[in-house]
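*Asks:* turn this into a model:
(3 chains)
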Amino acid sequence: MKRLPWSLIVGGTITAILIFAAIVSQFWTPVDPTAINIGNRLKGPGEGGILGSDHFGRDELSMIMAGAWVSLGIAFSAIAVGGLIGTVLGVVAASERGPFEALIMRVNDVLFAFPPVLSAILLAAILGGGPVTTIVAIALFMIPVFARVTRSAALQIWARDYILAARMSGKSSARITLEHVIPNIAAQIIVQIAIQTGLGILTEAGLSFLGLGIAPPTPSWGRMLADAQTYLTIAPHLVFVPGIAICTAVLGLNLLGDGLRDLTDPRRRQST
Amino acid sequence: MMLEIKDLKVGFQNEVGPATDVVHGISFSLGKGETLGIVGESGSGKSVLSLATIGLLPKTAKATGEILFNGEDILTMSERELCKLRGSRIGMIFQEPMTALNPAMKVGSQIAEALRLHSNISRADANAEALRLLEMVKIPDAKRKMHSYPHEMSGGQRQRVGIAIALSLKPDLLIADEPTTALDVTVQAEILDILDDLVTELGIALILISHDLGVIARIADRTLVMYRGNEMEQGETERVLRQPSHDYTRKLLSALPRRARAGLDVMAPTTLGDSV
Amino acid sequence: MSKKILEIIGLTREFGIGNSTMKAVDNVSLSLEKGQILGVVGESGSGKSTLARIVMALDKPTAGNVLFENEDIFALSASKLRRLRSNFQMIFQDPYGSLDPRHKISRIIAEPLHLEANAPRGKALRDRIGKLLEEVGLAAEDMDKYPHEFSGGQRQRVAIARALITKPKLIVADEATSALDLTVQAQILKLILEMRDTHGISVLFITHNIGVVDEICDSVAVMQSGKLVETGPVRQVLDNPRESYTKRLLSAEPTLDKIGRKKHQVSESPP
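*Replies:* So this is what the prediction gives:
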């Protein structure tokens, strides 16, 4: 047995806890995360619930768990949409080359120039706020990220002799992409998914912080952080709890991505 | 003796289980103005042996035995002493010279830089010395080539620059690991000529590692035949090739294309791909 | 004339570099007879690999024709060319790059059958793959392994089995033994000769190694900078070369004729 990279173990554990908390929150939380309890306002950790309570007396732990569901849900949805479109564009660009490739990559450059916050503001003006707007804004940003990564990985595969062998047996570009290219770049795509999910969570938190994300009363890490600003001096735990949650989630997914890369990149493997 | 290797063993630690031994007790010695050819196929341990000789083994490797360079054991030297040694007394030539060259720097400046790093000479002197070195390795139009970038040169010219850099510090020992494998045969012949001249004229010692017995025959005074980390035989090149004492050497010779081994009339006729 | 399996007539391939063009292959004409091995020998930049790719219809010539059994392959419709493809196969230089690391050996070997209408399936296919593996010196059970489980020489045997599965009439071998150890090279050359003898396959053997040409080829073409320098039967070209470039190539090749370094005169002054 090969020893697993430590980053994979740590990152995988954090990510697993995060996903577990998010799923559990749909069935059970210590307290209803939206329940207001004015008598229990601004209690510190231990006094009112394990992680304390906010200015409406809502339980922080319950809100963090429910917020994990929202954060992960939005990040995964955005990756699913943006990653899929980007990956398809990337592999098609690599297999078709020529003007089509140039067109795809220039459109990507344009998309890349819009930070997700800016597109979210634009989209919010058109579609109104809410989860769909957030997902679309993040997905738009993911398209060029995935298109670039998959295109350069696919180009390397297209230069291999086994692709020539496949071409000689009369296989079409689409078929070669499905049979030879995608299986050989799958590991790189999975690594990207892990890392970009972390980025997606960060972006979602940023958008919620600015009030562009999901609407209250659904709990969201970014808005918890925004609300906490007012009470920074009297209840600092309200900043730390969601702040640490965001940091840990992003760190965990990045470590997971790094660990997966170490596991799959032959150049990093010990030589025999 | 300038270089004396005694019972060198190299093993690589594995994450789990026992270490993998790749060199099992190799000994040889080499004097000034001598050339040693090390021949072997992939997995013979010949490249690991050369890395050990310049103290460049990866951290996961463990070497035992002695590598005496002018009487000092390389295996017990600190990294600091090794750096000094590599920078001045031992030069290395690689299979793909591009890996040893800085792609963003003109070749003349690269050689001059190396010179100035290790000795206290003026920029003008360093440039003059760089030009002299390029002429020594017979780069055509050396004056103009001083201002070329590595990618503007052919593979053979880059290898000449690689040799010039290795020579810039006036080493006592030059280690060349498959220096002509990536080159065309006509260029290979020129590079071997240059190495031959350098050994004779500068009195340096040369270790040349190759999988090609033709190259070994051309340049090596003595030859060490390796297989899977073991010495098969060692001796005067003429003797090793004409009267091999080991079956593996005979197998290597018989695997050569007919044309290449035609000169060895003493060889019993063999057929293609005879198994051992 | 009908004995000719491959005829290359006035083949030219130009590549545009910026505003100028470079002729990678310059007006080359060659022919290969049935059951013969034609060596194309040259150094880097000689155009020999471009020539191989054009013969395999992986690239199109700027001018000239390639006749396969008297049919111009570049005049054929795409569907006819596709049908013709099973008649010619290729073996590549790098045995590590020519097999998809994610596919099992059986799938790799079966790939050229992709377009054959009545290709064997199921057990019949496995039987055929097993037989081919044994023919190239591997075991039938090897078909369920992955490429990384094999050495370079074994992978090259797999590549040869893949080339043989469509029962081709012509095989183009592009530096097929250059990346291998000498002893393995000798075995693969022997295998190629056996393929020719048992199946009557013609081989276009692209190489930089004259020793290998001497070993297995019937005729040889020497190329330099895209041009054909000299061509003829192997014995004639290698034993009595007419062109100076051929002579230079022959003399540059390291052999064991002379052993040892040039002896320098003591009086020779150092530079």
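*Asks:* only C-alpha atoms from now on, for both contacts and neighbour counts.
*Replies:* OK.
*Asks:* lowest mean pLDDT among the helices and strands of the chain, which one is it?
*Replies:* You didn't say which chain, so I picked chain A. Among the secondary structure pieces of chain A, namely its helices and strands, helix A:116-127 has the lowest mean (mean pLDDT, DSSP states H and E), a mean of 81.
*Asks:* nope, chain C
*Replies:* Comparing helices and strands within chain C by mean pLDDT, DSSP H and E singles out helix C:78-84 as the least confident, with a mean of 86.
*Asks:* can you point out the buried residues in it?
*Replies:* Within helix C:78-84, the residues scored as buried using 16 or more other C-alpha atoms under 10 Å in any protein chain shown are C:81-82.
*Asks:* close to chain A, is it?
*Replies:* Yes. With C-alpha under 8 Å from any C-alpha of the partner chain as the criterion, chain A is reached by helix C:78-84 at C:Arg82.
*Asks:* residues in contact with that helix?
*Replies:* Residues outside helix C:78-84 that contact it (C-alpha atoms under 8 Å, 6 or more residues apart in numbering or on different chains) are A:170, C:73, C:115-116.
*Asks:* determine which two of those residues are furthest apart.
*Replies:* When C-alpha to C-alpha is used, the two most widely separated members of those are C:Ile73 and C:Glu116, lying 18.4 Å apart.
*Asks:* those two - which one has more neighbours?
*Replies:* The neighbour count for C:Ile73 versus C:Glu116, taken as other C-alpha atoms under 10 Å in any protein chain shown, is higher for C:Ile73 (21 against 15).
*Asks:* so who does that one touch?
*Replies:* Per C-alpha under 8 Å, 6+ apart, neighbours of C:Ile73: C:57, C:65-67, C:81.
*Asks:* quickly note the distance from B:Gly43 to C:Val184.
*Replies:* Distance, B:Gly43 to C:Val184, by C-alpha to C-alpha, to the nearest Å: 13 Å.
*Asks:* tell me where chain B has strands.
*Replies:* Read by DSSP state E, chain B holds these strands, from start to end of the chain: B:3-12, B:20-30, B:35-39, B:61-69, B:72-73, B:90-93, B:173-177, B:205-210, B:222-227, B:230-236.
*Asks:* could I get those strands as CSV with mean pLDDT and distance to chain C?
*Replies:* Conversion of those to CSV gives the following (pLDDT from 0 to 100; distance: least, C-alpha to the nearest C-alpha, whole Å):
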stretch, mean pLDDT, distance to chain C
strand B:3-12, 93, 21
strand B:20-30, 92, 16
strand B:35-39, 95, 9
strand B:61-69, 91, 24
strand B:72-73, 90, 30
strand B:90-93, 88, 19
strand B:173-177, 92, 16
strand B:205-210, 94, 11
strand B:222-227, 95, 9
strand B:230-236, 93, 9
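*Asks:* out of those, deepest packed?
*Replies:* Each of the strands of chain B was assessed for mean neighbour count using mean count of other C-alpha atoms under 10 Å in any protein chain shown. The highest is strand B:35-39, with a mean of 27.
*Asks:* name the strands paired with it and say parallel or antiparallel.
*Replies:* The sheet places strand B:35-39 alongside strand B:205-210 (parallel), strand B:222-227 (parallel), with pairing taken from DSSP bridges.
*Asks:* could you tell me the angle between it and strand B:20-30?
*Replies:* Our comparison of strand B:35-39 with strand B:20-30, counting by axes from the mean of the first three to the mean of the last three C-alpha atoms, to 10 degrees, yields an angle of 160 degrees.
*Asks:* so strand B:35-39 versus strand B:173-177, what angle?
*Replies:* Per the same axes, to 10 degrees, the angle that strand B:35-39 makes with strand B:173-177 is 20 degrees.
*Asks:* got the residues of chain C near chain A?
*Replies:* The interface of chain C toward chain A, taken as C-alpha under 8 Å from any C-alpha, is made up of C:56, C:58, C:82, C:85-86, C:89-90, C:92, C:94, C:97-102, C:111-115.
*Asks:* just the ones in strands from the residues you listed, please.
*Replies:* C:89-90.
*Asks:* tell me the SS of the most centrally placed residue in chain A?
*Replies:* Most central in chain A under C-alpha atoms, centre = their mean is A:Thr197, positioned 1.7 Å from the mean C-alpha point. Under DSSP: H, G, I helix; E, B strand; the rest coil, A:Thr197 falls in the helix class.
*Asks:* quick one: which helix or strand includes the nearest residue to it once chain neighbours are set aside?
*Replies:* Counting by C-alpha to C-alpha, 6 or more residues apart in numbering or on different chains, A:Thr197 lies nearest to A:Ala75, which is 5.6 Å off, once chain neighbours are set aside. Applying DSSP states H and E as the criterion places A:Ala75 in helix A:60-96.
*Asks:* in that helix, what's buried?
*Replies:* Neighbour-count burial for helix A:60-96, with 16+ other C-alpha under 10 Å as criterion, is recorded at A:60-95.
*Asks:* is the helix or strand following it in proximity to chain C?
*Replies:* Per DSSP H and E, the first helix or strand lying C-terminal to helix A:60-96 is helix A:98-112. No. Using C-alpha under 8 Å from any C-alpha, no contact is recorded between helix A:98-112 and chain C, whose separation bottoms out at 15.0 Å.
*Asks:* gap between the residue of the stretch 101-250 of chain C found nearest chain A and C:Pro147?
*Replies:* In the stretch 101-250 of chain C, the residue that lies nearest chain A is C:Pro112 (4.4 Å; C-alpha to the nearest C-alpha). Distance, C:Pro112 to C:Pro147, by C-alpha to C-alpha: 17 Å.
*Asks:* and if you look at C:Leu180?
*Replies:* The span separating C:Leu180 from C:Pro147 equals 16 Å under the rule C-alpha to C-alpha.
*Asks:* between those two, which one's more packed in?
*Replies:* The neighbour count for C:Leu180 versus C:Pro147, taken as other C-alpha under 10 Å, is higher for C:Pro147 (24 against 21).
*Asks:* contacting residues for that one?
*Replies:* C:99-101, C:103-105, C:155.
*Asks:* the residue nearest to B:Arg259 when sequence neighbours are not counted and B:Val39: what is the separation?
*Replies:* Distances taken as C-alpha to C-alpha, 6+ apart put C:Gly211 closest to B:Arg259, at 5.5 Å, once the chain neighbours are dropped. Summarising the geometry, the distance separating C:Gly211 from B:Val39, computed by C-alpha to C-alpha, is 19 Å.
*Asks:* C:Asn19 now?
*Replies:* As defined by C-alpha to C-alpha, C:Asn19 lies at a distance of 47 Å from B:Val39.
*Asks:* and what of A:Tyr231?
*Replies:* The span separating A:Tyr231 from B:Val39 equals 76 Å under the rule C-alpha to C-alpha.
*Asks:* now do B:Ala52
*Replies:* 16 Å.
*Asks:* now the strands: where do they sit in the stretch 101-250 of chain C?
*Replies:* C:170-174, C:202-207, C:219-224, C:227-233 (DSSP state E, counting those that start in this stretch).
*Asks:* got the ones you listed as JSON lines, with mean neighbour count and mean pLDDT columns?
*Replies:* Formatted as JSON lines, the strands of the stretch 101-250 of chain C follow (neighbours: other C-alpha atoms under 10 Å in any protein chain shown; pLDDT from 0 to 100):
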{"stretch": "strand C:170-174", "mean neighbour count": "24", "mean pLDDT": "94"}
{"stretch": "strand C:202-207", "mean neighbour count": "25", "mean pLDDT": "95"}
{"stretch": "strand C:219-224", "mean neighbour count": "25", "mean pLDDT": "96"}
{"stretch": "strand C:227-233", "mean neighbour count": "18", "mean pLDDT": "95"}
